[in-house]
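# Next comes the sequence, and after it the predicted model I'd like to discuss.
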Amino acid sequence: MIIAVDGPAASGKGTIARALAAHYGLPHLDTGLLYRAVGIAVARAGGDPDSEVDALAACAFEDALLADPALRSEEAGPLASRVSRHHDVRAALFQRQRAFATQASGAVLDGRDIGTVIAPDADAKLFVTASVPVRARRRHDELLAKGEDVSLAVIEADLKARDERDTHRAEAPLKQAVDADLLDTSDLSIGAAVQRAIALVDARLKDRT
């Protein structure tokens, strides 16, 4: 069984994907970490994330980088969004994601193009979203908890810019798959959002039996 969870930053898709993986006993991959790793690797090498050559070279990052706390920083998000626009970068990371999705045990993957590109054959697809102000507040609270003092206005502006890049890029833009269920978490608690997600997946699985 493959479950695809897509959506913009801070929509709750990662939390929901992890909860779904635990509920159904499936391995989970946050595909955004791969692009964050490339972005951070480019920055550390003194390269330009807007350069396809620099970004592609960074795709050879060591697996250990995926455990680096820097990938969860506010700096990493915009870098990931910038490197993800490059065709060769997406191609380089495609097989890695596809192999995870098609493993015998099944999988849950979250990202921005899982249901449309990585696993269009997924058994269940969710598109998780929320309003920009809600997403900005969530990210702001998360960063404050980590001791990072970032302006709420700056975060909101960054999210809008990332949404613009992600939805309008030529290669695998962020969009809801035609057969994905929409889950708006703007007015839902984490618990309620997870329960709604499970209900949507269960309904899809029932339709397939």
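Arrived safely.
# most centrally placed residue in the chain?
What sits nearest the mean C-alpha location of the chain, by C-alpha atoms, centre = their mean, is residue 111, with 2.8 Å.
# who's in contact with that residue?
5-6, 30-32, 97, 118 (C-beta atoms under 8 Å, 6 or more residues apart in numbering). Heads up, the C-betas are built off the backbone N, CA and C, glycines and all.
# One more pass at 6 Å, please.
31-32 (C-beta atoms under 6 Å, 6 or more residues apart in numbering).
# so what's it bridging to?
residue 6 (DSSP bridges).
# Next one: it relative to residue 34, how far apart?
9 Å (C-beta to C-beta, to the nearest Å).
# cool, and residue 19?
21 Å.
# same question, residue 53
19 Å.
# quick one on the thing from earlier: neighbour count for residue 19 and residue 34, which is higher?
Higher neighbour count among residue 19 and residue 34: residue 34, with 25 against 20, using other C-beta atoms under 10 Å.
# ok, and for the strand or helix carrying residue 95, which residues are buried?
Secondary structure from DSSP states H and E places residue 95 in helix 87-101. By 16 or more other C-beta atoms under 10 Å, the buried positions in helix 87-101 come out as 89-90, 92-93, 97, 100-101.
# what's across from the closest residue to residue 102 other than its chain neighbours in the sheet?
The shortest distance from residue 102 to any non-neighbouring residue, by C-beta to C-beta, 6 or more residues apart in numbering, is to residue 2 (7.5 Å). Per DSSP bridges, the residues bridged to residue 2 are residue 107.
# can you count the residues close to residue 2?
Residue 2, neighbours per other C-beta under 10 Å, totals 22.
# wait, doesn't it sit right on residue 122?
Yes: judged on C-beta atoms under 6 Å, residue 2 makes contact with residue 122 at a distance of 4.2 Å.
# Please, which helix or strand holds the residue nearest to residue 161 when sequence neighbours are not counted?
Nearest non-adjacent residue to residue 161, counting by C-beta to C-beta, 6+ apart: residue 78, 7.4 Å away. Using DSSP H and E, residue 78 maps to helix 76-83.
# Restrict that helix to CA atoms and write it as CSV.
Extracted in CSV, the C-alpha atoms of helix 76-83 (Å, rounded to 0.1, in the frame of the first residue of the first chain):
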residue,chain,number,x,y,z
ALA,A,76,16.8,25.3,4.5
GLY,A,77,13.2,25.7,3.3
PRO,A,78,13.8,28.5,0.7
LEU,A,79,17.0,26.7,-0.5
ALA,A,80,15.0,23.5,-1.1
SER,A,81,12.4,25.4,-3.0
ARG,A,82,15.0,27.0,-5.2
VAL,A,83,17.0,23.8,-6.1
